[in-house]
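Asker: got a sequence here, can you build the structure:
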Amino acid sequence: MNAESDLFLSCVIPVHNEEKLIGRFLQQLSAKLQEETNSYEIVIVDDGSNDCTVDQIRNVLPELPVRLIRLSRNFGKEAALTAGLNKAHGKIVITMDADFQHPIDVISELIANWRKGYQMVYAVQHSRVHEGIIKRTITNLFYRFLKLTSGIDIPINAGDFRLMDRDVVEAIKKLSERKRFMKGIYAWVGFNTKSITFDVGKRADGSSRWNKLKLINLALTGITSFTELPLRMVALLGIFIAFLAVIFGLYILGSTLLFGSHVPGWPTLIDIVAFMGGLQMFAIGVLGEYIAGIFSEVKRRPVYIIASEESESKIKNKVSSSQSDSQSEV
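Answerer: Numbering: from 1, shown residues only. Predicted coordinates:
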């Protein structure tokens, strides 16, 4: 395919401790982008790596159109993606991972669908057989729950491998929440979207940094950001328990009037007290999740802080000095 001369493309890559593969990845990615356009930039967002990832990226700065954005610490992938989108200047922006699980060759299909008029093209995993059945089941239930309760259709097997045009990127930049669930944000902004399927590549090195605790935290962020149903469920459950208590009270009153008083059943009493106490703690916990979200927002802390930006003069289709950005973004 002949490269287009007037298409300025940005590729946003969040990285964290990828020293063994980042150099090879950037070389292969740059070769693919050169097939599609003569003007592009690769925006690498280093999310607080503590290995030699930054040094490996610096080695390719003189020869490739790479911009290195270093965050001051590890803020998480959602924040790193936000920083990359804020810094990207391309007419279209592609986000992907640097571990080779997002096949570089699929970029051609993303761009081909954008040329057909789609403003956002996202890649959906053809299969998740590489994951355990328990994780697949919980993931499916989570996204179905969000779709049912929020009215937003978040594709189950879609992730951060996608293409967005400038209108989509600008819409996402207007969303200022601090606790970010990017998959929900992508779906919330809407626009003319198209899905394609791909086979997940083998991770070139190491293992995923997404442990169970991080996944649970991300899921809670998604639920509290896009649906209020848990609060309503707790309220309805409280009403239901109160209704049962009234029925049980009437039963006790009737039984006493007809058959006289019985010896109190301590096990039953303790069981009811324990049940109600647990229910109250559960309700307080659900409420606490939403209050924590509010607390995080009202503090108005930045989603990320940029420690430094580095690039060489070979970035193609250089952006003008009027587009230069500050050292930190909200």
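
Asker: when you work out contacts or count neighbours from here on, use the C-alpha atoms and nothing else.
Answerer: OK.

Asker: can I assume Leu141 sits in a helix?
Answerer: Yes. Under DSSP: H, G, I helix; E, B strand; the rest coil, Leu141 falls within a helix.

Asker: just the strands in this protein please.
Answerer: Assignment of strands within the chain using DSSP state E yields the ranges 4-15, 37-46, 66-71, 92-95, 120-125, 158-165, 193-198, 304-311, 328-329.

Asker: rebuild those as a markdown table, extending it with mean neighbour count.
Answerer: Shown next, in a markdown table, are the strands of the chain (neighbours: other C-alpha atoms under 10 Å):
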| stretch | mean neighbour count |
| --- | --- |
| strand 4-15 | 20 |
| strand 37-46 | 24 |
| strand 66-71 | 24 |
| strand 92-95 | 24 |
| strand 120-125 | 23 |
| strand 158-165 | 22 |
| strand 193-198 | 16 |
| strand 304-311 | 16 |
| strand 328-329 | 15 |
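
Asker: got TSV for those, with distance to Ala283 too?
Answerer: TSV is the format used below for those (distance: least, C-alpha to C-alpha, whole Å):
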stretch	distance to Ala283
strand 4-15	37
strand 37-46	39
strand 66-71	37
strand 92-95	38
strand 120-125	36
strand 158-165	32
strand 193-198	38
strand 304-311	32
strand 328-329	36
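
Asker: would a markdown table of those with mean pLDDT and distance to Gln56 be doable?
Answerer: Formatted as a markdown table, those follow (pLDDT from 0 to 100; distance: least, C-alpha to C-alpha, whole Å):
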| stretch | mean pLDDT | distance to Gln56 |
| --- | --- | --- |
| strand 4-15 | 82 | 12 |
| strand 37-46 | 88 | 11 |
| strand 66-71 | 89 | 11 |
| strand 92-95 | 90 | 20 |
| strand 120-125 | 85 | 28 |
| strand 158-165 | 84 | 23 |
| strand 193-198 | 83 | 28 |
| strand 304-311 | 79 | 13 |
| strand 328-329 | 44 | 24 |
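
Asker: many thanks, we can stop here.
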